[in-house]
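> Only the shape, not the letters, is given here:
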């Protein structure tokens with residue numbers, strides 16, 4: 001085990017707060033620099049599959065997540081009218097639930113509280129402005145003028161990672177897939193007790209995902225021009241125009257959306273850092289290193305796995321360099337497999353041409369549960 005470290009985490013999202021909790025509980029001195037001015041989670045809701053919930057248990061927050069969310073275990077495949085075509089039981093890892101839907105703000109609060117309780121410090125409205133790694137430590141200047149020396153700097157700063165740009169320039173910019181995600185929170189319909197996925201082929205995909213007893217979110221994926229942005233005064237109407245192929249529960253959910261500001265739009269992009277994810281004592285993790293499409297609900301799960309495995313690698317090795325090598329050796333194959341599977345599923349669902357390698361992945365099944373549920377440590 002390495003001696004207690006001073007660790008700076010760049011990014012206070014799901015992965016960053018998970019790492020802050022895991023490291024602070026182990027006696028490391030942890031500070032999180034988060035560019036947002038407050039704990040303000042973007043998006044609507046998120047699915048925590050069983051492997052992500054397993055990490056939440058290891059962090060001591062599983063019960064908090066389940067209390068704040070909506071546990072479910074059946075994926076329903078429906079036609080555009082909402083008629084059930086198949087009900088697919090979802091597997092679980094060990095004795096944790098199959099899935100939990102949870103509002104992103106609620107998950108952020110759970111993880112923020114856990115990090116603070118473990119002893120981590122969180123600086124909002126702060127980012128790295130200067131960084132120099134001399135091999136034995138990293139000298140950092142933050143945007144608030146604070147300077148310090150850290151044993152390790154970890155970038156959990158998302159798909160647009162400034163730290164990635166600092167390390168690799170523009171070699172690994174996000175690659176737009178040609179599709180975008182529309183999401184909006186609506187009242188939960190009583191019959192929606194797990195994800196209901198309706199696929200209209202080239203007319204798009206719509207999902208209803210429960211996130212509390214009272215709420216669910218409507219998500220929809222469509223091909224969009226890279227420069228398209230919804231009209232801030234008509235976003236709900238533009239979403240409705242794209243969902244005309246759907247009736248039944250999707251149409252009923254859409255009818256409750258009257259505020260364009262409630263609609264969250266995000267382009268679906270991915271990033272693959274092909275060089276090592278660490279340069280000296282500076283590390284990239286989560287979406288900063290391996291952002292994937294959301295089609296098997298594993299993006300945030302990979303981030304929290306990254307966090308826990310990094311903490312465990314520091315436990316198992318005698319020095320930082322060896323721990324980082326061991327961490328990446330364990331994480332890269334799994335994260336790359338998830339990314340490839342997710343991209344293959346996107347292509348399959350949208351009728352896009354797949355490669356022979358993607359065809360082989362798709363034979364495994366969606367989402368390749370036996371692979372997803374292999375314990376990553």
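Cool, the structure landed. Computed from a predicted structure; not experimentally measured.
> quick one, helices of the stretch 101-250 of the chain?
104-118, 162-168, 235-242, 248-255 (DSSP state H, counting those that start in this stretch).
> closest one to residue 344 among the ones you listed?
Residue 344 lies closest to helix 235-242 among the helices of the stretch 101-250 of the chain, at 23.5 Å (CB to CB). Bear in mind the C-beta positions are built from the backbone N, C-alpha and C, glycine included.
> Which other helices and strands does that closest one contact?
strand 175-187, strand 215-223 (3 or more CB pairs under 8 Å, 6 or more residues apart in numbering; DSSP states H and E).
> of all those, which gets the most neighbours per residue?
Of the helices and strands packed on helix 235-242, the one with the most neighbours on average (mean count of other CB atoms under 10 Å) is strand 215-223, at a mean of 22.
> That one vs strand 175-187, what angle?
Per axes from the mean of the first three to the mean of the last three CA atoms, to 10 degrees, the angle that strand 215-223 makes with strand 175-187 is 150 degrees.
> ok and strand 215-223 relative to helix 104-118, angle-wise?
Per the same axes, to 10 degrees, the angle that strand 215-223 makes with helix 104-118 is 110 degrees.
> Reformat the helices and strands packed on helix 235-242 as TSV; add distance to residue 92.
Rendered in TSV, the data for the helices and strands packed on helix 235-242 read as follows (distance: least, CB to CB, whole Å):
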stretch	distance to residue 92
strand 175-187	25
strand 215-223	21
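> Can you check which of those gets nearest to residue 193?
strand 215-223 (9.8 Å).
> what angle separates that closest one from helix 248-255?
Using the same axes, to 10 degrees: strand 215-223 against helix 248-255 is 100 degrees.
> tell me the mean pLDDT for strand 215-223?
For strand 215-223, the mean per-residue pLDDT is 95.
> just stretch 345-358 next, same as before
The average pLDDT within stretch 345-358 is 88.
> distance between that stretch and the chain's centre?
Counting by CA atoms, centre = their mean, to the nearest Å, stretch 345-358 is centred 22 Å from the centre of its parent chain.
> re earlier: dump the helices of the stretch 101-250 of the chain into JSON lines; add distance to residue 188 as well.
Output for those, formatted as JSON lines (distance: least, CB to CB, whole Å):
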{"stretch": "helix 104-118", "distance to residue 188": "15"}
{"stretch": "helix 162-168", "distance to residue 188": "37"}
{"stretch": "helix 235-242", "distance to residue 188": "19"}
{"stretch": "helix 248-255", "distance to residue 188": "9"}
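> any chance of those helices in JSON lines, with mean pLDDT and mean neighbour count too?
Formatted as JSON lines, those follow (pLDDT from 0 to 100; neighbours: other CB atoms under 10 Å):
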{"stretch": "helix 104-118", "mean pLDDT": "97", "mean neighbour count": "20"}
{"stretch": "helix 162-168", "mean pLDDT": "97", "mean neighbour count": "19"}
{"stretch": "helix 235-242", "mean pLDDT": "96", "mean neighbour count": "17"}
{"stretch": "helix 248-255", "mean pLDDT": "96", "mean neighbour count": "18"}
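> Out of those helices, which is closest to residue 194?
Relative to residue 194, the nearest member of these by CB to CB is helix 248-255, separated by 12.8 Å.
> tell me what that closest one is packed against?
In terms of contacts (3+ CB pairs under 8 Å, 6+ apart), helix 248-255 is packed against strand 175-187, strand 205-210, strand 215-223.
> The shortest one pairs with which strands, parallel or anti?
Same thing as strand 205-210. Strand 205-210 sits in its sheet next to strand 196-199 (antiparallel), strand 215-223 (antiparallel), going by DSSP bridges.
> Need the contact partners of that strand.
Residues outside strand 205-210 that contact it (CB atoms under 8 Å, 6 or more residues apart in numbering): 45, 47, 70, 72, 80, 101, 188-189, 192-200, 216-221, 243, 246, 249-250, 253, 349-350.
> So, low pLDDT: which residues of the chain?
41-42, 365-374, 376-377 (pLDDT under 70).
> Quickly note the distance from the closest residue to residue 19 other than its chain neighbours to residue 106.
Closest residue to residue 19 apart from its sequence neighbours, by CB to CB, 6 or more residues apart in numbering: residue 307 at 3.7 Å. Distance of residue 307 to residue 106, given as CB to CB, to the nearest Å: 19 Å.
> same question, residue 88
Distance from residue 88 to residue 106, by CB to CB: 26 Å.
> Output the longest helix belonging to this protein.
Secondary structure of the chain per DSSP state H: the longest helix is helix 320-350.
> would you turn the strands paired with strand 205-210 into CSV with distance to residue 10?
Shown next, in CSV, are the strands paired with strand 205-210 (distance: least, CB to CB, whole Å):
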stretch, distance to residue 10
strand 196-199, 35
strand 215-223, 29
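> Out of those strands, flag the one nearest residue 144.
With CB to CB, the closest approach to residue 144 among the strands paired with strand 205-210 belongs to strand 215-223: 34.9 Å.
> tell me the angle of the closest one relative to helix 320-350?
Calculated by the same axes, to 10 degrees, strand 215-223 forms an angle of 80 degrees with helix 320-350.
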